[in-house]
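Visitor: Take this sequence and fold it.
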Amino acid sequence: MYWLFWDPTYILVLIGVILSLIASANVNAAFGKYSRVRSYSGLTGRTAAERILQLQGIYDVRVERVSGKLTDHYDPKAKVLRLSDSTYDSSSVAAIGVAAHECGHAVQDHRHYAPLAIRGALVPVANFGASISWPLVVLGLIIGSSRGYYIIMAGVLFFTFAVLFQVVTLPVEFNASHRAVKILEKENIIDREEVHMTKKVLFAAALTYVAGTLSALLQLLRLLLLADSSRRD
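Guide: Just a heads-up that it's a prediction; the model follows:
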């Protein structure tokens, strides 16, 4: 049972890991570079977020600090926009860009942006699918025969929900960045040169989601190849 130790499909996993590492290094480099550039407005990530929310007529979302670096996120259930230590009190172009991006998610929620609602609905299904898929695949490989094949395919089906979550995430993230830049420009929170810098930071961040989606698709392809191999054996 060579698949327990090594099989050619591991190359797909390796490609996914490499893509994710490259994307992560890229966003860290971009954030690090522009976190050293102070915005002319002097606003911090927190004050920029609060201003954007107010300008968009959103008064039921509070801004909080969360520990870590680039752990920024918007929680639609709690109506909380959480900014990381590297963003909350920083007045850098990078911090304002990241804060504005999270505000973009709050705007999506406020305006009932459909892909955001779909992504939220997929979270429990995607988490369950990701957790149960591999145990089913391994069990199917151990059992073998036609029964094992059907168990593997059940695992593939569950993992598909995790992949679907990643796919739906892409338009949500790109749209949030688009909204962020548009608001920052319209309200003159950043100047023209800073707009260019902000776009670089947000584009680098978006690529991490692209890499995550590609990695998930490669994993799905690997599962399908393992299922086909099991069926032929």
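Visitor: Just list whatever residues bridge to V63.
Guide: Legend: beta-bridge partners of V63 under DSSP bridges are L81.
Visitor: So what's the residue count around it?
Guide: 22 (other CB atoms under 10 Å). The way it works is simple: take the backbone N, C-alpha and C, and place the C-beta from them, glycine included.
Visitor: For the residue nearest to V156 when sequence neighbours are not counted, give me its contacts.
Guide: Nearest non-adjacent residue to V156, counting by CB to CB, 6 or more residues apart in numbering: L223, 4.7 Å away. Contact analysis of L223 by CB atoms under 8 Å, 6 or more residues apart in numbering lists S133, V137, I152, G155, V156, F159.
Visitor: Work out for me the element L223 sits within.
Guide: Taking DSSP states H and E as the definition, L223 sits inside helix 192-232.
Visitor: Next, report how far that helix is displaced from the centre of its chain.
Guide: Helix 192-232 sits 9 Å away from the centroid of its parent chain (CA atoms, centre = their mean, to the nearest Å).
Visitor: same deal with stretch 50-63?
Guide: That offset, for stretch 50-63, works out to 23 Å (CA atoms, centre = their mean).
Visitor: Show me which parts of that stretch are buried, residue by residue.
Guide: By 16 or more other CB atoms under 10 Å, the buried positions in stretch 50-63 come out as E50, R51, I52, L53, Q56, I58, V61, V63.
Visitor: tell me the pLDDT at the last one?
Guide: Here, the pLDDT recorded for V63 equals 97.
Visitor: same check, this time on the fourth one
Guide: According to the model's per-residue confidence, L53 sits at a pLDDT of 97.
Visitor: now swap in the fifth one and tell me
Guide: Turning to Q56, the model gives it a pLDDT of 95.
Visitor: Just confirm it contacts H105, I think it does.
Guide: No: in this structure Q56 lies outside contact range of H105 using CB atoms under 8 Å: 11.7 Å.
Visitor: Y74 - that's part of a strand, no?
Guide: Yes: counting by DSSP: H, G, I helix; E, B strand; the rest coil, one finds Y74 located in a strand.
Visitor: Thought R82 was touching it, still the case?
Guide: Yes: using CB under 8 Å, Y74 makes contact with R82 at a distance of 7.4 Å.
Visitor: How about the most centrally placed residue in the chain, nearest residue that isn't a chain neighbour?
Guide: Nearest residue to the geometric centre of the chain (CA atoms, centre = their mean): Y209, 4.6 Å. Nearest residue to Y209 in three dimensions, chain neighbours excluded: E173, at 4.9 Å (CB to CB, 6+ apart).
Visitor: on that earlier part again, residues in contact with the residue nearest to the centre of the chain?
Guide: Q166, T169, L170, E173.
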